[in-house]
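Q: pasting the structure only:
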C-alpha cells in the first residue's frame, strides 16, 4: 500500500511475480524530482518520482526505462526513452519509476504488474 505522503529517501522495490529487493531512491520533493537522474552516468536500481505524470531526458547520458504507475503502484505503461526526449503525460499516472534501459524487463516489470515499496 502506498504511503499517504512520499518523502525523499531510500528503500526497496518488490515486483509481483518478479524480483524482490530492487534498490530504490524516492524523489518526493520538488527539488529531488527535478534533479532525478540528471548528471549521472548510471543508476544501481531505480528512482521513483512522485507525484509525476511525465519526464524528460534532456542532458541525460543514457537511455532509461520509464514506468508510469497509478496511485496503487500498478504499472500503466512502460517505455524506453533515449536521451534528449520529452514524454507525453499519462493522465492516470501518479508516479513514475525510472531505471537504466533494459533493467525493468530483467526485474519482471511490465504493464499490469503491481509494485510495492518497503
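A: Here it is on my side, so go on. What you are looking at is a predicted structure, and each value in this text was computed from that prediction instead of being measured.
Q: which SSE is immediately downstream of the helix or strand of the chain with the lowest mean pLDDT?
A: Of all regular secondary-structure elements in the chain, judged by mean pLDDT, DSSP states H and E, the least confident is helix 30-35 with a mean of 72. Remark: after helix 30-35, the chain's next helix or strand is strand 46-49, criterion DSSP states H and E.
Q: buried residues in the least confident helix or strand of the chain?
A: By 16 or more other Cβ atoms under 10 Å, the buried positions in helix 30-35 come out as 32-33. Using the backbone N, CA and C atoms, a C-beta is placed for each residue, glycine as well.
Q: for that helix, give me every contacting residue.
A: Counting contacts by Cβ atoms under 8 Å, 6 or more residues apart in numbering, the residues outside helix 30-35 that touch it are 8, 27, 49-50, 52.
Q: 7 Å instead?
A: With contact meaning Cβ atoms under 7 Å, 6 or more residues apart in numbering, helix 30-35 is reached by 8, 27, 49, 52.
Q: what about the helices in this structure?
A: 30-35, 103-107 (DSSP state H).
Q: what packs against the shortest one?
A: Contacting helix 103-107 under the criterion 3 or more Cβ pairs under 7 Å, 6 or more residues apart in numbering; DSSP states H and E are the following elements: strand 64-69.
Q: show the average pLDDT along the strand it packs on.
A: For strand 64-69, the per-residue pLDDT values average out at 96.
Q: that strand pairs with which strands?
A: Strands flanking strand 64-69 in the sheet, each with its direction: strand 75-81 (antiparallel), strand 95-100 (antiparallel) (DSSP bridges).
Q: roughly how far is the last one from the heart of the chain?
A: If I follow you right, that is strand 95-100. Put simply, strand 95-100 sits 2 Å off its chain's centre (Cα atoms, centre = their mean, to the nearest Å).
Q: can you pull the contacts of the residue nearest to the spatial centre of the chain?
A: A centroid search over the chain (Cα atoms, centre = their mean) returns residue 97, at 0.8 Å, as the residue closest to the centre. When contacts are counted by Cβ under 7 Å, 6+ apart, residue 97 touches 46, 48, 67, 69.
Q: in the sheet, who's paired with it?
A: residue 48, residue 67.
Q: good, wrapping up.
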